[in-house]
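A.B. asks: predicted model and sequence follow; I will ask about them next.
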Amino acid sequence: MTDRIAVVGGSGALGRGLAVWWAGAGLDVIVGSRDESRAHDVAEKLSDLSGRPIEGRSNEDAVIGSQFVVLAVPLVSHAATLTGLRDHLAPGQILVDTTVPLAAAIGGRATRPIMLHQGSAAQQAAELVPDGVEVVGGFHTVAAATLADYGEAIEEDVLLVGNSRDAKRRVAQLVRAIPGLRPVDAGRLDMARIVECLTPLLIGINIRNKVHAGIRITAIPDAEW
Ligand SMILES: NC(=O)c1ccc[n+]([C@@H]2O[C@H](COP(=O)([O-])OP(=O)(O)OC[C@H]3O[C@@H](n4cnc5c(N)ncnc54)[C@H](OP(=O)(O)O)[C@@H]3O)[C@@H](O)[C@H]2O)c1
């Protein structure tokens, strides 16, 4: 397995933003899509922007052999996407779940969360991936619009949740690869139900202030963990 990052839903707003910053940092990135030709088109544009090569493949091909699989699809397709990828995932891979369960997914407001039976999207993911694939929740509070300003300064924390400290440590390296983002260990996977709810809170703040707010946790050491 290589240290490659496969971004499932990489043609979307968050996926594109993460892919371009990671590629710009010299990481090996594949943009995944349901439509391989869309993946190629997006990858080509992001390669031009980052100045580094990015590949484009179908979601299924993208995840095979990639150490990191970043899930960046809407909640409505969360379970179906993971079910479709199940046979392509293998033990040892790390699934980074960025999904925010917003009420907007069922016609409600983007400023309100919805509760999933498992407690959170990340916990739903953990039920759907094969044994041996570690799920880490993260990047929920980083706005795609912030990442879209490629090269502009960012100063935000990224709360990471997961049951494997080693997997979180590895995802923390992906967070640090984007200048100005700092990883914060927010606990075990069941804390995802709280972390995922921060985004609707931020969306309300964004609407009231006409900004793309992020979060910053104070008073914690900046050391490796
Ligand atoms: N946008 C943000 O600021 C932000 C911030 C933090 C977290 N998130 C989370 O990140 C995830 C992606 O958000 P986004 O704003 O990037 O979403 P998006 O742009 O609406 O969609 C991302 C990609 O998902 C694929 N997709 C769309 N509908 C699908 C469906 N019904 N079935 C399967 N794939 C589908 C599409 O790729 P293809 O058509 O190419 O397959 C699309 O480009 C969400 O779960 C969101 O909660 C978003």
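C.D. replies: Received the coordinates, thanks.
A.B. asks: toward the C-terminus from the host helix or strand of Asp41, list the very next helix or strand.
C.D. replies: Element membership for Asp41, per DSSP states H and E: helix 36-50. With elements assigned by DSSP H and E, the helix or strand that comes after helix 36-50 is strand 55-58.
A.B. asks: would you mind pulling the contact partners of the very next helix or strand once past that following strand?
C.D. replies: Using DSSP H and E, the helix or strand that follows strand 55-58 towards the C-terminus is helix 59-63. Residues outside helix 59-63 that contact it (Cβ atoms under 8 Å, 6 or more residues apart in numbering) are 6-10, 30-34, 36, 39, 55, 69, 81, 84-85, 88-89, 93. C-betas here are computed from N, CA, C, even on glycine.
A.B. asks: which is the next helix or strand following helix 59-63?
C.D. replies: Assignment by DSSP H and E places the next element after helix 59-63 at strand 66-71.
A.B. asks: relative to strand 66-71, how tilted is whichever helix or strand comes after that next one?
C.D. replies: Going down the chain from strand 66-71, the next helix or strand is helix 78-85, by DSSP H and E. Helix 78-85 runs at 150 degrees relative to strand 66-71, counting by axes from the mean of the first three to the mean of the last three Cα atoms, to 10 degrees.
A.B. asks: okay, now the sheet partners of whichever helix or strand comes after helix 78-85, with direction.
C.D. replies: Following helix 78-85 in sequence order, the next helix or strand is strand 94-97 (DSSP H and E). Each strand paired with strand 94-97, and its direction, by DSSP bridges: strand 66-71 (parallel), strand 134-137 (parallel).
A.B. asks: the first one and the ligand in contact?
C.D. replies: No - when contact is scored as Cβ under 6 Å from any ligand atom, no part of strand 66-71 falls within range of the ligand; the minimum is 7.6 Å.
A.B. asks: okay, buried residues for that strand please.
C.D. replies: 66-71 (16 or more other Cβ atoms under 10 Å).
A.B. asks: mind listing what the residue of the chain found nearest the ligand touches?
C.D. replies: Nearest residue of the chain to the ligand (Cβ to the nearest ligand atom) works out as Gly12 at 2.1 Å. Gly12 is in contact with 72-74, 144, counting by Cβ under 8 Å, 6+ apart.
A.B. asks: out of these, which are buried?
C.D. replies: 72-73, 144.
A.B. asks: would a markdown table of these with distance to Leu49 be doable?
C.D. replies: Formatted as a markdown table, the buried ones among the contacts of Gly12 follow (distance: Cβ to Cβ, whole Å):
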| residue | distance to Leu49 |
| --- | --- |
| Ala72 | 17 |
| Val73 | 22 |
| Ala144 | 14 |
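A.B. asks: CA atoms only: put the lowest-mean-pLDDT helix or strand in the chain into CSV for me.
C.D. replies: Every helix and strand of the chain was ranked by mean pLDDT, DSSP states H and E. The lowest is strand 2-8, at a mean of 95. C-alpha atoms of strand 2-8 as CSV (Å, rounded to 0.1, in the frame of the first residue of the first chain):
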residue,chain,number,x,y,z
THR,A,2,1.3,3.5,-0.8
ASP,A,3,0.9,6.7,1.2
ARG,A,4,-1.5,7.9,-1.5
ILE,A,5,-4.7,9.8,-0.7
ALA,A,6,-7.9,8.9,-2.6
VAL,A,7,-10.5,11.6,-2.4
VAL,A,8,-13.9,9.9,-3.0
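A.B. asks: not counting residues beside it along the chain, what's closest to the residue minimising distance to the centre of the chain?
C.D. replies: The centre of the chain sits closest to Thr98, judged by Cα atoms, centre = their mean, with a distance of 3.7 Å. Sequence neighbours aside, Phe139 is the residue nearest to Thr98 in space, at 4.5 Å (criterion: Cβ to Cβ, 6 or more residues apart in numbering).
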